[in-house]
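**Q** Provided below for reference: sequence and predicted model.
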Amino acid sequence: MNLDVYFNEITERNFNRLVNIYKKRMAKAHYKDYAHNEFTKYCGAILEIRYNASEREIIVNTLEREYKLGKEFALVIKVLRKEIHKQIINNTIDFIEITQDNKNQEFEETIPVKKPEAYFIDQYSDLELVRMFSEYKAYEKFNEFLKSEKLNKGIEKRLRITKLIPEKETEEKNTDFTTARQVLAVHYLFKFMQVKNVDKTEIARFIQFLTGKNFDNIYKKLQNPLKINDKSAKEDLRFVREYFERLGMIEVVKIINNELIS
């Protein structure tokens, strides 16, 4: 089994499960803000308590460090086992005092004793370690999702208040600035900058930061930024291309032109 594929699949599955539970509860909640805060507290408690406890903390922190270096999961786990064994050997030595008869020796005699519980890492299979880390990453991802949801609710609340206040109609309506076009713009910008292997969730958060648009809509668009069979696709491409032309970003314009020709 490819541990990297397995990790990505179950992390996404765990994350989606948490999001689905959240949305179902929020749909039924009479007090949305209270319900959201309860989910945030629960998620924070899981990350704080479950993964700051002895064994799990050591495992998760080591896996996190090696995973961020881009190593394959099979290698990451080998490094984890080797490192923990090394730490245990260096830190789990019991010293037995010498007897009365030998107290005049210049140096005390020490006898190393291995503690059976020290090798806790060997109690976990590779799959169990992957599942533990994927659960942690899913909760971490869910925690970020909750933060973005709170931001969205704040924006929606401000918009509702704004609608109650009569204002002069703005000179330019930004109805052309659709989520699909904004996602396309970032997609080609990242393509030009050769940004690779970035979680789509992180890209969605970045676009949300720039646009203030709904996170879920952005994330869905990112799965397939350019739908070839979509009639509006070419219009969106031309619209986005114009902005890159104004910026003089000719290489990005060439990439978009190739899309229009194909």
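**A** Thanks, I have it.

**Q** C-alpha from now on. contacts and neighbour counts both.
**A** OK.

**Q** Just the mean pLDDT for whichever helix or strand Glu144 is part of, thanks.
**A** Here Glu144, judged by DSSP states H and E, is contained in helix 126-164. Averaged over helix 126-164, pLDDT sits at 75.

**Q** next SSE after that helix?
**A** Next helix or strand after helix 126-164 toward the C-terminus (DSSP H and E): helix 179-192.

**Q** Moving along the chain from that next one, name the first helix or strand you hit.
**A** Immediately after helix 179-192, counting by DSSP H and E, sits helix 200-211.

**Q** List of residues touching the helix or strand following that following helix?
**A** Proceeding N to C from helix 200-211, the next assigned helix or strand is helix 215-223, under DSSP H and E. Under the criterion Cα atoms under 8 Å, 6 or more residues apart in numbering, residues Ser148, Glu149, Asn152, Thr179, Ala180, Val183, Lys200, Thr201, Ala204, Arg205, Ile207, Gln208 lie in contact with helix 215-223.

**Q** what residues are up against the closest residue to Ile10 other than its chain neighbours?
**A** For Ile10, ignoring the flanking residues on the chain, the nearest one in space by Cα to Cα, 6 or more residues apart in numbering is Ser134 at 6.6 Å. Contact partners of Ser134, counting by Cα under 8 Å, 6+ apart, are Phe7, Asn8, Ile10, Thr11, Asn14.

**Q** Out of these, flag the one nearest to Val76.
**A** Closest approach to Val76 among the contacts of Ser134 (Cα to Cα): Phe7, at 12.2 Å.

**Q** isn't the closest one right up against Leu129?
**A** No. Look at Phe7 against Leu129 with Cα atoms under 8 Å: they stay out of range, at 10.0 Å.

**Q** Mind putting the contacts of Ser134 into a markdown table with neighbour count, secondary structure and distance to Glu48?
**A** Shown next, in a markdown table, are the contacts of Ser134 (neighbours: other Cα atoms under 10 Å; DSSP: H, G, I helix; E, B strand; the rest coil; distance: Cα to Cα, whole Å):
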| residue | neighbour count | secondary structure | distance to Glu48 |
| --- | --- | --- | --- |
| Phe7 | 21 | helix | 22 |
| Asn8 | 14 | helix | 23 |
| Ile10 | 16 | helix | 21 |
| Thr11 | 23 | helix | 19 |
| Asn14 | 20 | helix | 18 |
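
**Q** tell me which of those residues is nearest to Arg238?
**A** Nearest to Arg238, judged by Cα to Cα, of the contacts of Ser134 is Asn8 at 35.0 Å.

**Q** any idea how far the host helix or strand of Lys78 is from the chain center?
**A** Element membership of Lys78 [criterion: DSSP H and E] is helix 73-91. Distance of helix 73-91 from the chain centroid (Cα atoms, centre = their mean, to the nearest Å) equals 25 Å.

**Q** In it, which residues are buried?
**A** Buried residues in helix 73-91, counted by 16 or more other Cα atoms under 10 Å: Phe73, Val76, Ile77, Leu80, Arg81, Ile84, His85, Ile88.

**Q** Could you list every helix and strand that it packs against?
**A** helix 3-28, helix 54-68 (3 or more Cα pairs under 8 Å, 6 or more residues apart in numbering; DSSP states H and E).
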